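Colleague: output the structure for:
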Amino acid sequence: MLTPRRLLVTDGSPPALAALTLQERADQTILWATPALSAAQRSAIERQAAHFGVDRVVGPGLEPASDRAPASPRTIAEGRMLFDALLAAWQCRCGRIIWPCQAGHDLDRIAQVQEIVLCVGHVARLDPAWRTVGPEIRTPLLDCTDEQVADLIASGGGGMALAWWCEGQAAAPCGGCGACRRWSAVNRLAAA
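Modeller: Modelled structure (predicted):
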């Protein structure tokens, strides 16, 4: 029997932090660290869990990333990640998976994410044990803009310092990659 617990898929990013701020009860939330995370991303997840009082963090991302992990097309990698999260949710008896995927106003990306969620759900329901009962997958931030994500983080009392967005592997954001430029611009707008 599944419980009202939620498995929140996280990579320590601002959208993952915003999704965490939306959770009503920390004791009902389990953070699931996605695969191949950097040390800085794992540290951000730990800070977020401590700040919001989430006492359970699980997932393959807790181990150092392998240098030999082959790259996959984005949709295949995301589908595989959701299957892994689905299995973790089942093992933890979570009734809901929160995937903080964010596409803003990119309608093609929104459609792509919805197709991935539907595909994973359909395949999972092929198993007799999951035909009637299985974790549902939610994407509450799918059509949110970066500014809306920043507003959610600010209203949740966490602050962007709890998140990690840099594409680099250093201990501090590099400031030059696309993600650093993206979230730095959002931080400047939020501070104004």
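Colleague: now do the strands in this protein.
Modeller: For the chain, the strands defined by DSSP state E cover 3-10, 29-33, 57-58, 94-98, 136-138.
Colleague: highest mean neighbour count out of these?
Modeller: Most buried of those, by mean neighbour count (mean count of other Cβ atoms under 10 Å): strand 29-33, with a mean of 25. Just so you know, the C-beta spots here come from the backbone N, C-alpha and C atoms, and that holds for glycine as well.
Colleague: for it, name the packing helices and strands.
Modeller: Using 3 or more Cβ pairs under 8 Å, 6 or more residues apart in numbering; DSSP states H and E, the elements in contact with strand 29-33 are strand 3-10, helix 39-52, strand 57-58, helix 74-91.
Colleague: to Ala16, which of those lies closest?
Modeller: Relative to Ala16, the nearest member of those by Cβ to Cβ is strand 3-10, separated by 4.0 Å.
Colleague: so what touches the closest one?
Modeller: Strand 3-10 has contacts (Cβ atoms under 8 Å, 6 or more residues apart in numbering) with 16, 19-20, 23, 28-34, 45, 48, 61, 81-82, 85, 88-89, 92-100, 135.
Colleague: tell me which strands it pairs with, and in which orientation.
Modeller: strand 29-33 (parallel), strand 94-98 (parallel) (DSSP bridges).
Colleague: lowest average pLDDT across those strands?
Modeller: The stretch with the lowest mean pLDDT among these is strand 94-98, at a mean of 90.
Colleague: that strand to helix 74-91, inter-axis angle?
Modeller: Using axes from the mean of the first three to the mean of the last three Cα atoms, to 10 degrees, one finds that strand 94-98 and helix 74-91 are set 160 degrees apart in direction.
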